[in-house]
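Colleague: okay, sequence plus prediction incoming.
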Amino acid sequence: MSSLIQILDSTLREGEQTPGVYFDKHIKLAIAKMLDDIGVDIIETGHPSVTQEIHDSVEIIAHNNFKAIIGAHARSLKDDVQLALSCGVDFIGVFYCVSDDRLNTVFKKDLGNAIKQITDVIKFAKKENPDIIIRYTPEDTVRSEFSNVVAASIAAVKAGADVISVADTTGYMIPGTDRSMFQYISNLKHELNKQGLNPKIAVHCHNDRGLALANALDAYRAGAEIIDASVLGLGERAGIVDLAQLMMVLTADFGMNKWKLEKLDKLYQFVSEHSGVPIPGNYPIIGKHAFTHCAGVHTHAASINPTHYESLNPELLGKSRSFSLDHMSGIASLKYALALIDENNLSAELKMEVLAEVKNIGQKGKVVELTELPHIVHYIKQNYTHKQKSK
């Protein structure tokens with residue numbers, strides 16, 4: 001397990017491969033600034049050869065003196081790499097699939113010629129800028145013939161690649177099976193080490209089976225040093241590893257303390273607004289209800305000791321827990337909410353009447369917000385006074 005883990009955020013590159021998602025240039029710069037403030041290690045800003053606007057965005061971000069390493073994406077073509085280099089980035093990720101099926105049916109070339117194309121473009125990039133960090137990705141790594149991946153990776157590192165990225169392009173891997181990312185990374189590192197090579201190993205895990213985060217953590221346990229992620233897990237199809245979930249787990253469960261998690265919420269709200277992708281209420285870490293307790297048994301126990309029903313501390317994110325007021329609520333959650341609105345002198349009888357009204361509203365599919373609760377309390381008080389006067 002590597003203690004020097006880096007996170008590469010690909011919201012601006014992979015994220016734009018989400019159908020219907022495109023960020024204007026000024027929005028991209030703002031997102032990059034937020035990622036840098038949080039402490040993301042590498043920001044992958046886009047593929048400059050796709051459009052002139054993407055090229056311009058990459059160039060602007062690359063010249064903003066961010067603390068993060070600024071990266072760009074490129075095919076294994078000299079023109080693509082030259083365009084990325086002209087943007088002034090620190091990092092270029094080149095990719096080329098080496099599966100026999102893709103080589104035979106798409107590229108119409110053998111493995112030897114494919115490796116020559118890969119190594120030629122890496123050598124070209126290093127000659128143009130010896131300080132550039134080069135990542136080589138055998139696209140669809142885990143479903144390609146392992147011997148092909150090893151051969152291409154060895155050649156890429158000898159040509160000057162600093163990082164080899166294992167791409168689970170289709171979300172194929174499953175922890176604890178013969179398709180284990182842990183075993184794959186272990187085997188690849190072993191083969192590279194046998195050649196006296198020790199590049200950084202990155203992983204790019206797609207979420208087609210809902211296992212992207214689990215596979216990324218499997219890779220980390222096997223010694224991977226870079227994990228790709230994006231805000232809201234944006235990306236092709238079901239997307240990739242979610243940035244907030246990855247950061248929270250690495251912080252809370254693996255002892256990392258290098259990112260400013262309290263800045264994540266602002267970033268997520270911003271990306272959601274400008275991508276048009278809503279944040280589900282039950283979304284882990286960032287969702288509105290991620291730290292909200294609902295059922296009476298839960299709220300009673302959590303109001304005494306939150307760890308009874310929490311394994312993550314919302315304070316790491318600069319958040320606080322809350323107790324939902326609806327048909328599932330009990331007196332403990334009501335008392336907690338009443339204290340928050342400084343309504344501490346209600347009699348036991350009136351509290352029960354307020355609770356009954358909260359439950360009645362909840363049965364209509366609503367949640368009583370703290371802004372509404374004072375009005376319910378006022379109504380109950382007035383109704384009680386009216387009844388007393390009518391007697």
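Modeller: Received the coordinates, thanks.
Colleague: distance of residue 109 relative to residue 118?
Modeller: Shown here: residue 109 relative to residue 118, a distance of 11 Å by C-beta to C-beta, to the nearest Å. C-beta: built from backbone N, CA, C; applies to glycine.
Colleague: next: residue 9.
Modeller: 25 Å.
Colleague: distance of residue 258 from residue 247?
Modeller: In terms of C-beta to C-beta, residue 258 sits 9 Å off from residue 247.
Colleague: ok, those two, which is more surrounded?
Modeller: Neighbour count, other C-beta atoms under 10 Å: between residue 258 and residue 247, residue 247 has more, with 25 against 13.
Colleague: give the contact list for the nearest residue to that one once chain neighbours are set aside.
Modeller: Using C-beta to C-beta, 6 or more residues apart in numbering and skipping residues adjacent in sequence, the residue nearest residue 247 is residue 259, 5.0 Å away. By C-beta atoms under 8 Å, 6 or more residues apart in numbering, the contact set of residue 259 is 7, 38-40, 247, 251.
Colleague: inside strands: which ones of those?
Modeller: Applying DSSP state E to the contacts of residue 259, the entries found in strands are residue 7.
Colleague: max pairwise distance over the contacts of residue 259: which two?
Modeller: By the measure C-beta to C-beta, 40 and 251 form the most distant pair in the contacts of residue 259, at 13.5 Å.
Colleague: more crowded one of these two?
Modeller: Comparing residue 40 with residue 251 by other C-beta under 10 Å, the one with more neighbours is residue 40, at 26 against 18.
Colleague: any idea how far residue 97 lies from residue 141?
Modeller: From residue 97 to residue 141 the distance is 9 Å (C-beta to C-beta).
Colleague: hang on, I meant residue 24
Modeller: 33 Å.
Colleague: between those two, tell me which one has more neighbours.
Modeller: residue 141 (27 against 11).
Colleague: so between residue 9 and residue 118, which is more surrounded?
Modeller: The neighbour count for residue 9 versus residue 118, taken as other C-beta under 10 Å, is higher for residue 9 (29 against 23).
Colleague: which residues does the more buried one bridge with?
Modeller: Residue 9 has these beta-bridge partners by DSSP bridges: residue 43, residue 229.
Colleague: and what of residue 137?
Modeller: residue 95.
Colleague: and it, how many residues sit next to it?
Modeller: Every residue meeting other C-beta under 10 Å relative to residue 137 is counted, giving 26.
Colleague: before we move on, what about residue 65?
Modeller: Neighbours of residue 65 using other C-beta under 10 Å come to 7.
Colleague: which parts of the helix or strand hosting residue 387 are buried?
Modeller: For residue 387, the host element (DSSP states H and E) is helix 373-390. Of all the residues in helix 373-390, those buried under the rule 16 or more other C-beta atoms under 10 Å are 373, 376-377, 380.
Colleague: for the helix or strand where residue 213 lies, packing partners?
Modeller: Using DSSP H and E, residue 213 sits within helix 212-221. Secondary-structure packing of helix 212-221 (3 or more C-beta pairs under 8 Å, 6 or more residues apart in numbering; DSSP states H and E): strand 163-168, helix 181-194, strand 200-205, strand 226-229, helix 243-254.
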